[in-house]
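*Asks:* based on what follows, work out the 3D shape:
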Amino acid sequence: MMMARSRNVGILVVITVMLLKTTEAEDYEVGGSTGWTSFPPGGASFYSKWASNFTFQVNDTLVFNFESGSHSVVELTKPNYENCAFDNNIKTFNIGPARVTLTAPGEFYFSCPFSGHCSSGQKLSVTVITDSSSPPPNKTPTQAPAPRTATVEGPSPSPSASASVPTTRAPSPQTHSTDIAPPPHGSATPLTSTFSLFIITILINFLSQF
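*Replies:* Numbers count the residues shown, from 1 in each chain. Here you go, the predicted model:
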């Protein structure tokens, strides 16, 4: 009887850990209250300094807040990012706010392709790790493989960054403020947390009958 109870407790612990890990994904509003803009305060280092305040993990989401038609977001290879070149972009997001999910560990590079915006400092690079206890991975090759690209939530992106069509769609309300101080992990998905606790409660009640 004791062995069966111990085995059931072990199963409960494993399930609990798995459920809790699903609550760790965070939303990060790029640039905090400044949003995604050209000539940001602080110049070319603004977005690099903003990113240095956070540890980005797989499945976290970058939220680029901008007015559609005034800016856009493209994911770039490292050489294109460094040279503000926009040939063969990996992904393009023309509708703001753009939600970009970081689907794999490694280096990700973003910028605005509008004329002069990249050179003014509207560019961002982030390092993504598998979890907070893992060291940052080595930098990826200069040509990023297609399967490693980020994914977008919401409207399908236009295939061309230079021919974005203005729209009257207003940006949706911001969901989380990430000006400088990083938010506590686990706070970005309250619905998932509630569901996890509900499942855990059911399991505990079930196992207590043995």
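
*Asks:* contacts only, for Trp36.
*Replies:* Residues near Trp36 by C-beta atoms under 8 Å, 6 or more residues apart in numbering: 30, 64-66, 71, 73, 96, 112, 122. C-beta here means a position set from N, CA and C on the backbone, and glycine is covered the same way.

*Asks:* okay, and Glu107 sits in which element?
*Replies:* Here Glu107 sits within strand 106-111, counting by DSSP states H and E.

*Asks:* partners of the helix or strand following that strand, with directions?
*Replies:* With elements assigned by DSSP H and E, the helix or strand that comes after strand 106-111 is strand 123-129. The pairing partners recorded for strand 123-129 under DSSP bridges are strand 56-57 (parallel), strand 106-111 (antiparallel).

*Asks:* report the mean per-residue pLDDT for the longest one.
*Replies:* What it means is strand 106-111. Averaged over strand 106-111, pLDDT sits at 98.

*Asks:* can you show me the strands along the chain?
*Replies:* In the chain, strands defined by DSSP state E lie at 27-29, 56-57, 61-64, 73-76, 91-93, 98-101, 106-111, 123-129, 151-153, listed in chain order.

*Asks:* what about the helices in this protein?
*Replies:* 2-21, 46-51, 78-83, 190-207 (DSSP state H).

*Asks:* wait, Arg99 sits on Asn65?
*Replies:* No: contact between Arg99 and Asn65 fails when scored by C-beta atoms under 8 Å: they sit 10.1 Å apart.

*Asks:* before we move on, the earlier item: deepest of the strands paired with strand 123-129, which one?
*Replies:* The highest mean neighbour count among these, using mean count of other C-beta atoms under 10 Å, belongs to strand 106-111: a mean of 23.

*Asks:* send me it as PDB with only the CA atoms.
*Replies:* Extracted in PDB, the C-alpha atoms of strand 106-111 (Å, rounded to 0.1, in the frame of the first residue of the first chain):
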ATOM      1  CA  GLY A 106      19.800  31.000 -30.400                       C
ATOM      2  CA  GLU A 107      20.200  34.500 -31.800                       C
ATOM      3  CA  PHE A 108      17.300  36.400 -33.400                       C
ATOM      4  CA  TYR A 109      17.700  39.700 -35.200                       C
ATOM      5  CA  PHE A 110      15.000  42.300 -36.000                       C
ATOM      6  CA  SER A 111      14.800  45.700 -37.600                       C
END
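
*Asks:* for Thr77, give its distance to Phe39.
*Replies:* Separation of Thr77 from Phe39 (C-beta to C-beta, to the nearest Å): 24 Å.

*Asks:* of the two, which one has the most company?
*Replies:* Thr77 (20 against 12; other C-beta atoms under 10 Å).

*Asks:* isn't the more buried one right next to Ile90, touching?
*Replies:* Yes: using C-beta under 8 Å, Thr77 is in contact with Ile90, at 6.8 Å.

*Asks:* what pairs with Thr101 across the strands?
*Replies:* Beta bridges link Thr101 to Thr61, Thr151, judged by DSSP bridges.

*Asks:* any idea which of the contacts of Trp36 is closest to Phe86?
*Replies:* Cys112 (9.6 Å; C-beta to C-beta).

*Asks:* quick one, phi/psi of the closest one?
*Replies:* The phi and psi values for Cys112, taken as degrees, to the nearest 10, are phi -100, psi 130.
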